[in-house]
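J.: Next come a sequence and a model predicted from it.
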Amino acid sequence: MQASLSTTEAVRVYRELARRPSVARAWINSAKDVGTTERKLVEVNSLWSQRDIETSKTAKFIRSHRVDVADGRVASTEACGAPIDTSTCLLQQTSPSGKLSAILRLVSDKQYLEVWSHTCKLKNVELQVLEKHGKVYDDGTFGCFQWSPCERYLLYVAEKKMPKMESFFKRKDKEKAESDDAPVQGEEFVYQEDWGEGLVSKHRPVLCIFDVEEETTQVLTSVPDEVSPGQAVWCPDGRGVVFVGWWHVPFRLGLIYCTNRRSALFQLDLEGQACEQLTRDGLSVRCPRFSTDGSRLVFLQNPAGGPHNSCSQVVVYLWKEKTVVVVTDTVRTASGDSFPGMYAFDNGYQQCWAADGRRVVLNTYWRSKMALLVINTDTKEVKKLSMEGDDTATAWRLLDIRDDVIVAVCCSPNTSQHLRCAVLPPSGQEYLVKWETLDDVVPTLTLPVDHKVITFTPVDGGLEYEAILMRKRGVESPPMIVWPHGGPHSVFSSEFLPYIAGFCQLGFAVLLVNYRGSLGFGQDSVESLPGKVGSQDVSDVQHAVKVVVDTEGVNKDKLLLCGGSHGGFLVTHLVGQFPDTYKACVARNPVTNIASMFGTTDIPDWCCVEAGLEPDFHAPPSPEVYSAMLTKSPMYHADKIKTPTMVMLGEVDRRVPPPQGKELYRLLKTRGVPTRLLVYPDNSHPISKVDAEADAFVNIYKWFTEHMSN
């Protein structure tokens, strides 16, 4: 069977897949006892997003489920009513007692803070009118929205209020010119650093506390000047806050997808306004969460500097003792199915502590899957909670845990995201956990996609790596898209990916390659790649392709390439180093020349580290440094490219700026190689706006079908 040549079919397939929503977060409201203490009813609320192709917008909505817990397990579940549209809601948080709910809402570019009871809206305050700060942060990197234990205050992060700027030549009244809030002249064009890709409007975050009773906001001014605060949580007694502080001196570096940025945990006392650093220097920390009894603070920790992502330590700060305990250390290598270490940078879970205040539930990449774990912070034991052998749930992510009721989101290459719920058994009996889906129907694809994880031993005999092969069931000798991930220190897990599912539905096989350097295989694998990009990773992908062609029945004469970011780096390397192997190539925001990227990206240290160099911003790069970067880049081999290559660029990409793709496009154009350049306005590195994402899918399909028969 051949892949269809009809773009109409591609549009139909993508429309169908775009209807499948994904969950952003979920929270469990306080339980209600029913009859006896052995039975209780729990309400689970979840926030979902869904692509709306007709409006080119993302719809957001909340779903509610009622969970009946009896005899230490989930007895039954039931959906409650229809979803509720929340497209104007930026942030939402239920108070500890469940009696109040706070919402940050965006209306006509104005932010309103609302407080609701069970029966009505109690408060509605336009925050900008208070003139204490700029826009409230609703991102997952800095943002927080936390009720105090007494439920009178709300803690959040906002942009620092800056003085108004105006021209030297603007005429103004003399009295206004001498007032305290008079605009500053001559400063309107001064460059304001931001935190890079995905955080371009974030310059100077500040911690803020809103008094619900008084309807006033206080900006906390005791944060050290050299750090930017975020991910704040209340101290157990409500008299202080703990936050992550990222150093922004001498200048800001891109933060998204980077767990190597110098940062620390700080405690700010609200009464004396003293600010104390809790963790030592030289680290990168994130995701602090207090235990239910307030005695322990868990967080994730990496070394500052080095690869942009790596194996994290799970660390506990003993609150009264003021000591730090490493619970799970960096795992160098992992054989078989042993614990490979902690690899997670998602801050989306509500809570992670069990009711005993000693165990935490977290998720991590575990080779080519994503697993749910329970970690005993006393014994340091790590155990899997996610089900094994379930073809509809090969990727698990924690959303919330409350009173030992856990809510997680699950999916697989064949099944889109859905919620599952369980009660955490007592310590030592975690193997008895029993998961239940919250909906009657698990959203599995109508036309099944077969998927398997394949393990490879590299040609140089180094550490093993994996790839995930997916194909529509029953398709013989399909064309195969080879798809290496970006990063490079990232990973493909066996999860539902609409693009991949779509191409499988259209008759392609897809090979997702987790080359050495990927997360989830131990720190030695991560550290094996810097200094060898353009060779080791390219060799791993090409070796995987050869093995799959020889053993899995794909069409060796119809091999295709697609990848973004470092994946784009790899696919453009592959068509240069192996010019006769592939029929067509698509590169999305590709790194093509590390040397020219160094001066334009928001992560210049990445260019040095991956090229095997030590970042040094005190002096200009030497010719030898530029040469080392260039020789590891696709442009070094670009004069050998013959494969038709389409380049897709996000016009406002700060991570891999558009000149990277244009540099390759111009060379191919000059040399007469079939090429095409698509530029998506207002899209950044992921090219993820609804209309751009849909257009890119069909254009990739069209490019492949037009060229794979040549």
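T.: Alright, I've got the coordinates.
J.: next structured bit after the helix or strand encompassing Gly661?
T.: Taking DSSP states H and E as the criterion, Gly661 maps to helix 659-670. For helix 659-670, the following helix or strand on the C-terminal side (DSSP H and E) is strand 675-680.
J.: which outside residues touch that following strand?
T.: 644-651, 658, 661-662, 665, 668-669, 687, 689, 692, 695-696, 699, 703 (CB atoms under 8 Å, 6 or more residues apart in numbering). The way it works is simple: take the backbone N, C-alpha and C, and place the C-beta from them, glycine included.
J.: then it to CSV, C-alphas only?
T.: The C-alpha atoms that make up strand 675-680 are tabulated as CSV, following Å, rounded to 0.1, in the frame of the first residue of the first chain:
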residue,chain,number,x,y,z
THR,A,675,13.9,23.6,-2.0
ARG,A,676,11.1,25.5,-0.5
LEU,A,677,10.9,28.0,2.4
LEU,A,678,7.9,28.5,4.6
VAL,A,679,7.9,31.3,7.2
TYR,A,680,5.1,31.5,9.8
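J.: Tell me which strands it pairs with, and in which orientation.
T.: Using DSSP bridges, strand 675-680 pairs in its sheet with strand 645-650 (parallel).
J.: Contacts for the partner strand next, please.
T.: 572, 575, 584-590, 658, 661-662, 664-665, 668, 673-680, 683-687, 692, 696, 699-700, 703.
J.: switch the cut-off to 6 Å
T.: By CB atoms under 6 Å, 6 or more residues apart in numbering, the surrounding residues in contact with strand 645-650 are 585-589, 658, 661, 665, 668, 675-680, 683-685, 687, 696, 703.
J.: circling back to that earlier point, what about the helix holding Gly661, average pLDDT?
T.: Confidence over helix 659-670 (mean pLDDT, whole number) is 98.
J.: Pull out the buried positions in that helix.
T.: For helix 659-670, a neighbour-count test (16 or more other CB atoms under 10 Å) marks Gln660, Gly661, Lys662, Glu663, Leu664, Tyr665, Leu667, Leu668 as buried.
J.: Same check on stretch 325-343?
T.: For stretch 325-343, by 16+ other CB under 10 Å, it's Val327, Thr328, Thr330, Val331, Ala334, Phe339, Pro340, Gly341, Met342, Tyr343.
J.: Identify the farthest-apart pair in the residues you listed.
T.: Farthest pair in those (CB to CB) is Val327 and Ala334. Separation: 17.0 Å.
J.: now the helices for the stretch 101-250 of the chain?
T.: Ranges of helices within the stretch 101-250 of the chain are 174-177, based on DSSP state H, counting those that start in this stretch.
J.: Find the residue ranges of it scoring beneath the pLDDT cut-off.
T.: Within the stretch 101-250 of the chain, the segments meeting pLDDT under 70 span 174-180.
J.: need the strands for it, in chain order.
T.: Along the stretch 101-250 of the chain, counting by DSSP state E, counting those that start in this stretch, strands occupy 101-107, 110-116, 121-126, 133-136, 145-147, 153-160, 165-166, 184-185, 205-211, 216-219, 227-234, 240-247.
J.: so can I have JSON lines of those strands showing mean neighbour count?
T.: Compiled in JSON lines, the strands of the stretch 101-250 of the chain are given as follows (neighbours: other CB atoms under 10 Å):
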{"stretch": "strand 101-107", "mean neighbour count": "18"}
{"stretch": "strand 110-116", "mean neighbour count": "18"}
{"stretch": "strand 121-126", "mean neighbour count": "13"}
{"stretch": "strand 133-136", "mean neighbour count": "20"}
{"stretch": "strand 145-147", "mean neighbour count": "20"}
{"stretch": "strand 153-160", "mean neighbour count": "21"}
{"stretch": "strand 165-166", "mean neighbour count": "14"}
{"stretch": "strand 184-185", "mean neighbour count": "13"}
{"stretch": "strand 205-211", "mean neighbour count": "22"}
{"stretch": "strand 216-219", "mean neighbour count": "15"}
{"stretch": "strand 227-234", "mean neighbour count": "23"}
{"stretch": "strand 240-247", "mean neighbour count": "23"}
